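My questions are about this predicted structure, shown below with the sequence.
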Amino acid sequence: SIRLSSFFSGGPKSTSRHVGNEEELMDMLHSIPGVTAQMVDLAQMKLSAQLRLLQDCEVLIGMHGAGLTWATVIPSHGALLELWPTQHGVWRCFEHLAVWGGLLYRRW
């Protein structure tokens, strides 16, 4: 069996980078056998707590933003799923970080 840790980086609901269906996303992740998923708001955590939490993360899922820089500390067998708020103007900085780190990268 596979134990997969997935952290969804949720943020303040007042921003344009808010995921409108967070609960649906978490329900879907929890329905996958072997997956342990947790939603966290990194902005509410101390830097040291963010590092402790994410260094063992295997899949990081989050809206495009600075929090995805944490992809640099997840294991090289991990993955980054970047949620993008629009189909236009894609800035590939987090894709590059993931690929350079040997991670599987997907954008949605």
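All right, it came through fine. Numbers count the residues shown, from 1 in each chain.

Just the pLDDT for S14.
Per-residue confidence at S14 stands at 49 (pLDDT).

how many neighbours does H77 have?
H77 is surrounded by 9 other residues when neighbours are defined as other C-beta atoms under 10 Å. C-beta: built from backbone N, CA, C; applies to glycine.

Next: the one 3 residues further on.
Counted with other C-beta under 10 Å, the neighbours of L80 add up to 25.

Pull up the pairing partners for the helix or strand hosting it, direction included.
In this structure, L80 sits in strand 79-83 according to DSSP states H and E. Strand 79-83 has these partner strands in its sheet, going by DSSP bridges: strand 59-63 (parallel), strand 104-107 (parallel).

For L25, see how far away the residue nearest the centre of the chain is.
Most central residue of the chain, judged by C-alpha distance to the mean C-alpha position with C-alpha atoms, centre = their mean, is I61 at 2.3 Å. The spacing between I61 and L25, counted by C-beta to C-beta, to the nearest Å, is 8 Å.

And for G101?
The value you get for G101 to L25, if C-beta to C-beta is used, is 24 Å.

what's the answer for E82, then?
Distance, E82 to L25, using C-beta to C-beta: 14 Å.

Quick check on these two: which one has the bigger neighbour count.
The neighbour comparison of E82 against L25 (other C-beta under 10 Å) goes to E82, with 22 against 17.

Leaving out sequence neighbours, find the closest residue to that one.
Spatially, and ignoring its direct neighbours in sequence, E82 is nearest to R107 (4.8 Å; C-beta to C-beta, 6 or more residues apart in numbering).

Off-centre distance for stretch 57-66?
2 Å (C-alpha atoms, centre = their mean, to the nearest Å).

Can you list the buried residues in it?
Within stretch 57-66, the residues that count as buried by 16 or more other C-beta atoms under 10 Å are 57-65.

repeat for stretch 101-108
Within stretch 101-108, the residues that count as buried by 16+ other C-beta under 10 Å are 101, 103, 105.

Same question for stretch 23-31.
Buried residues in stretch 23-31, defined by neighbour count with 16+ other C-beta under 10 Å: 25-26, 29.
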